[in-house]
Each structure stands twice: as C-alpha cells, then as structure tokens.
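**Student:** here is the input, now give the coordinates:
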Amino acid sequence: MSTTQIRRIAINTGGGDAPGLNAVIRAATLAALARGWEVWGVRHGYRGLLDMSHLVPLTAESVRGITHRGGSVLGTANRGNPFELPVKTDSGTVTVDRSAEVVANFRARGLDALVCIGGDGSLRIAHRFVQKGIPVVGVPKTIDNDLSGTVVTFGFDTAVGTATDAIDKLHTTAEAHERVMVVEVMGRYAGWIALNSGLSGGADVILIPELPFDIAKVCEKIQRREAAGRRFSIVVVAEGARPLGGELTTRGPKEAGREVLLGGIGQRVAEEIARLTGKETRALVLGHLQRGGGPTTFDRLLGLRFGAAAVRALAEGKVNVMVALDPPQVKTIDLGQAIERIKTVPLDSDTVLTARSLGVCLGD
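**Tutor:** Residues are numbered from 1 along each chain as shown. Next up is the predicted model:
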C-alpha cells in the first residue's frame with residue numbers, strides 16, 4: 001500500500017487497559033491529521049466495527065491533554081472477539097463468526113487501515129483480519145510485557161512501579177506484626193511483573209509461571225529468616241504461578257469467547273505457608289491497581305513514539321506489521337512474527353541470576 005492510498009484510518013484499543021494507551025492515541029491521531037488523513041476511533045475494542053454508532057471522529061481537540069491520563073478515551077474490552085462471539089441459545093452458549101460483518105463495515109466506511117493497540121489476544125485477532133484483507137499496523141500494549149519482537153511494551157513500567165510501591169509499604173506492616181505477606185500480581189504466562197517488582201521491592205520469595213515452585217522450598221526460606229531473627233517475609237507471586245505438578249489457579253469456569261480467569265494462587269500459597277510454618281500469613285491481590293493511574297514518563301514517551309511510528313509505517317506503505325522497540329530505535333516487524341510466541345522470562349537471564357545472587361527464593 002502506498003501513502004497516496006491512505007485517506008482515512010481507524011484506531012482501536014483492545015484487551016485489558018494499560019497506562020499509556022491515550023499517549024498512543026494522541027500521537028497517532030496528530031501524526032495522521034498532519035498528513036491530511038481522517039482519523040476515526042473505534043470504541044470498545046472491535047465492537048465499534050460491528051455497531052458503527054461506536055465509531056467516533058478523532059480530532060486535535062478531542063485528543064488534547066490526554067497523554068498523562070490512564071485508561072483509554074476510546075474504551076477497551078477483553079471480550080467480543082468477532083471471530084468467536086458468544087450467543088445464548090436454548091441449548092446453551094455457542095460462538096458465532098461475525099468477522100465478515102466487520103470487514104464489510106470497514107469497507108463501507110471507506111477506511112484504509114486499522115491501527116490496533118493491543119496485547120497478544122487483540123493482535124491475534126488483528127492478524128486474522130489481515131488475512132481477510134484489512135491492512136493493519138499493530139502497537140504492542142500489555143502490562144505483562146509478554147509480547148515478543150519488542151524489548152518492552154508500554155504499560156509495563158507503570159505496572160511494575162505500582163507493584164513495587166505496594167511491596168515497599170507492606171514491609172513496614174509485615175515487620176510490625178511479624179507476619180508473612182503474600183502479594184499476588186498480574187502475569188498469566190510470564191513473570192516479568194513479579195520478578196521486576198519483587199526484586200526491586202526487596203521480596204524474599206518470588207514465584208513466576210516459568211518456574212513451578214516447591215512450597216517446601218518457600219517455607220524453608222521463611223524459616224531460615226525466622227532463625228536469623230528476621231521474623232517477617234515478603235512473598236511475591238504471579239497469578240499464573242503454579243506448584244510442581246499442579247495446575248493454574250482459576251476463578252470459575254472458562255467463558256465462551258475469552259480466556260479463563262486466573263486468580264487465587266496468592267491465597268493458596270498463604271494458606272500453605274501458614275499450615276507448614278505456623279506463621280501468621282496474609283494475602284493481598286493487587287489486581288487492577290496495576291492497570292490504573294497515569295503512565296510513568298517512560299510509558300508516556302514510549303506510547304507517543306509507538307503512535308507516531310505506526311502512522312509513519314502507514315505513510316511508508318508498510319502494513320501488516322507491528323511497531324517495536326529495538327533501542328534506541330522503534331522499528332517494524334511482521335505482525336505474524338510478533339505473535340508467534342509469548343515472551344517469557346529466560347531462566348538464565350541476568351535478572352534471574354541477580355535474584356539468586358541476592359538469596360531470593362524462586363521456589364526451586
């Protein structure tokens with residue numbers, strides 16, 4: 001596609017929200033308007049392309065002053081995949097494919113390209129639309145930092161800062177009461193948030209999805225601290241962590257059209273620690289606090305760079321790609337390549353080796 005073919009683009013945000021979304025929207029909108037293009041925002045993920053009343057014009061005025069704001073001015077959704085929309089019938093819930101309607105609506109509106117801001121799930125949907133003829137430029141968004149092809153995703157730095165701040169505060173109450181505090185953070189398949197916040201916050205135990213844990217090893221660490229006169233401990237656990245030979249801890253059955261909800265591993269770990277050590281133990285789930293609030297300076301700047309780079313890619317005729325940080329540059333990579341695999345924590349990485357050098361227990 002050449003730049004002369006671009007007249008009108010759409011921008012959507014999908015999946016869980018992440019600090020920095022509005023920075024991307026603002027940069028992409030202003031960069032496109034500067035080229036004389038029309039810009040339309042798709043509200044609530046992909047739903048705006050099923051119900052065209054959810055499409056809103058984006059102007060310089062409508063994106064003014066939003067860089068520092070958390071959330072998304074377009075709204076987002078982690079359900080509503082047009083390829084697998086749940087529909088209730090007399091015999092139960094089934095999924096239907098309404099992707100053809102999205103393509104028809106996209107073309108009826110005269111849209112030339114879609115800037116999709118999303119994580120693994122949203123970009124996989126975008127890639128399926130590429131195969132149906134919709135030109136796409138993806139922007140990597142996830143606080144989990146689990147998208148391959150980019151050194152880091154925007155939203156991650158803010159989430160780690162929020163988690164680290166919470167761990168810092170827990171040190172004082174844990175020490176005052178001589179308790180074990182178990183903090184559950186986000187991280188379905190990758191332990192980037194747990195590892196980075198746990199290490200920065202001085203946690204004694206960090207449990208990540210990449211390394212199934214032995215609860216006995218965790219308790220040994222706590223008991224060694226107790227024997228040394230350190231009568232409190234901080235345990236950070238990713239929501240996707242699991243015990244050796246065990247399964248993920250989930251909240252209810254899988255719903256049609258979305259991933260199974262994880263949660264509860266922090267409470268399970270706390271109960272096991274209390275049972276095996278006799279220590280008073282409390283569990284805290286940070287949950288959506290990690291998604292909230294304004295983005296850090298790093299995430300604001302990265303979001304702005306990604307948004308502007310997405311429009312530059314379109315202007316250069318590049319489609320079906322994802323923008324990615326390859327310091328010091330932002331580059332583009334094939335969208336299919338970007339979603340080939342989840343980016344997990346390498347167990348031989350410098351950060352993991354640092355944790356071990358500091359005596360942090362990783363449950364193994």
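**Student:** pLDDT weak spots in the stretch 201-350 of the chain?
**Tutor:** Low-confidence segments of the stretch 201-350 of the chain (pLDDT under 70): 252-258.
**Student:** residue ranges of the helices in it, please?
**Tutor:** 215-227, 265-277, 297-315, 335-338, 350-357 (DSSP state H, counting those that start in this stretch).
**Student:** return the most buried member of those.
**Tutor:** Of all the helices of the stretch 201-350 of the chain, helix 297-315 has the most neighbours on average by mean count of other C-beta atoms under 10 Å, namely a mean of 22. Just so you know, the C-beta spots here come from the backbone N, C-alpha and C atoms, and that holds for glycine as well.
**Student:** send me that one as CSV with only the CA atoms.
**Tutor:** What follows is helix 297-315, C-alpha atoms only, in CSV (Å, rounded to 0.1, in the frame of the first residue of the first chain):
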residue,chain,number,x,y,z
THR,A,297,7.4,9.2,32.0
PHE,A,298,8.9,6.1,30.3
ASP,A,299,5.4,4.8,29.3
ARG,A,300,4.2,8.2,28.1
LEU,A,301,7.2,8.6,25.9
LEU,A,302,7.1,5.1,24.6
GLY,A,303,3.4,5.4,23.8
LEU,A,304,3.9,8.6,21.9
ARG,A,305,6.8,7.0,20.0
PHE,A,306,4.8,4.0,19.1
GLY,A,307,1.8,6.0,18.0
ALA,A,308,3.8,8.2,15.7
ALA,A,309,5.8,5.2,14.4
ALA,A,310,2.5,3.4,13.5
VAL,A,311,1.5,6.3,11.3
ARG,A,312,4.9,6.6,9.7
ALA,A,313,4.7,3.0,8.9
LEU,A,314,1.4,3.5,7.0
ALA,A,315,2.9,6.6,5.3
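**Student:** quick one: contacts of it?
**Tutor:** 1, 3, 6, 9, 19-29, 31-32, 35, 67-68, 113, 115, 135, 137, 139-140, 152, 154-158, 295, 319, 321, 323, 325, 330, 332 (C-beta atoms under 8 Å, 6 or more residues apart in numbering).
**Student:** center of the chain - which residue?
**Tutor:** The geometric centre of the chain, computed from its C-alpha atoms, lies nearest to Thr142 (C-alpha atoms, centre = their mean), at 2.4 Å.
**Student:** residue contacts, Leu74?
**Tutor:** Leu74 neighbours (C-beta under 8 Å, 6+ apart): 11-13, 21, 25, 41-44, 56.
**Student:** among the residues you listed, name the buried ones.
**Tutor:** Taking 16 or more other C-beta atoms under 10 Å as the criterion, what is buried in those is 11-13, 21, 25, 41-44.
**Student:** quick one: closest of the helices of the stretch 201-350 of the chain to Thr162.
**Tutor:** helix 297-315 (11.4 Å; C-beta to C-beta).
**Student:** Leu335 is in contact with Ser122, isn't it?
**Tutor:** No. If you go by C-beta atoms under 8 Å, Leu335 and Ser122 don't touch, sitting 11.4 Å apart.
**Student:** quick one on the thing from earlier: so for Phe106, which of the helices of the stretch 201-350 of the chain sits nearest?
**Tutor:** Nearest of these (C-beta to C-beta): helix 297-315, 15.0 Å.
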